[in-house]
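Chemist: here is a sequence together with a model predicted from it:
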Amino acid sequence: MKKLLFILTATCWTISLSIHIVSLTGFDVATWFPYVWALHIGVFVVFIPALLILRKFQHTPHPTYRSYFSGLPRWLIILTVACCLYAVINFFLFAFSFHGTATIRDGQYVLLRHGSIIKTLTELEYRWHNSQAVRLFSGHWMAFYSLAMIILYPSVWPGRQAPTAII
């Protein structure tokens, strides 16, 4: 079960990265593939069990996170740190560069701020704004999925000391 959870997490991280790269080009993934938002739910599906595994480890005698994470591949540590830092940077870039929410109101593409129309958009501008929203979320998905991978990794591969989980 834990190995399957790790594989699911790694797969979701890979899909999140792919969606993020596509959204950086300005392509509106969510319009063409609305199921992309399932990755939002997927974070909870893998992250909650990962936290339960980590919590179970805390109740062992003399727990240290250094001992739990010792032996992790360097690439996984670098990947996780990079994803977390990138999520923070990506968030601030988004927050400081966007001034509203793109939506369709009365058949027109508009940009709203606090419920008021601040600009009428072309279809291309509307799709670009939507792609940037997906970019924001996918940056966070990558961070959470990589954190889940780093927690789940010790419990998956042979030769590693892993906590016994309830799951």
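Modeler: That came in fine, so what should we check first?
Chemist: next, residue 99: secondary structure please.
Modeler: coil (DSSP: H, G, I helix; E, B strand; the rest coil).
Chemist: what is the neighbour count of the closest residue to it other than its chain neighbours?
Modeler: Nearest residue to residue 99, sequence neighbours excluded (C-beta to C-beta, 6 or more residues apart in numbering): residue 113, at 6.2 Å. No exception for glycine: its C-beta is placed from N, CA and C like everyone else's. Using other C-beta atoms under 10 Å, residue 113 has 12 other residues around it.
Chemist: beta partners for residue 113?
Modeler: residue 116 (DSSP bridges).
Chemist: go ahead and confirm it touches residue 98.
Modeler: No: judged on C-beta atoms under 8 Å, residue 113 makes no contact with residue 98 at a distance of 9.7 Å.
Chemist: what are the buried residues along the host helix or strand of residue 49?
Modeler: With elements taken from DSSP states H and E, the one containing residue 49 is helix 38-58. Residues 39, 42-43, 46-47, 49-50, 53-54, 56-57 are the ones in helix 38-58 that count as buried (16 or more other C-beta atoms under 10 Å).
Chemist: look through the protein and tell me its longest helix.
Modeler: Ranked by residue count under DSSP state H, the longest helix found in the chain is helix 123-152.
Chemist: which other helices and strands contact that helix?
Modeler: If you count contacts as 3 or more C-beta pairs under 8 Å, 6 or more residues apart in numbering; DSSP states H and E, helix 123-152 packs onto helix 2-24, helix 29-32, helix 38-58, helix 74-97, strand 101-105, strand 108-113.
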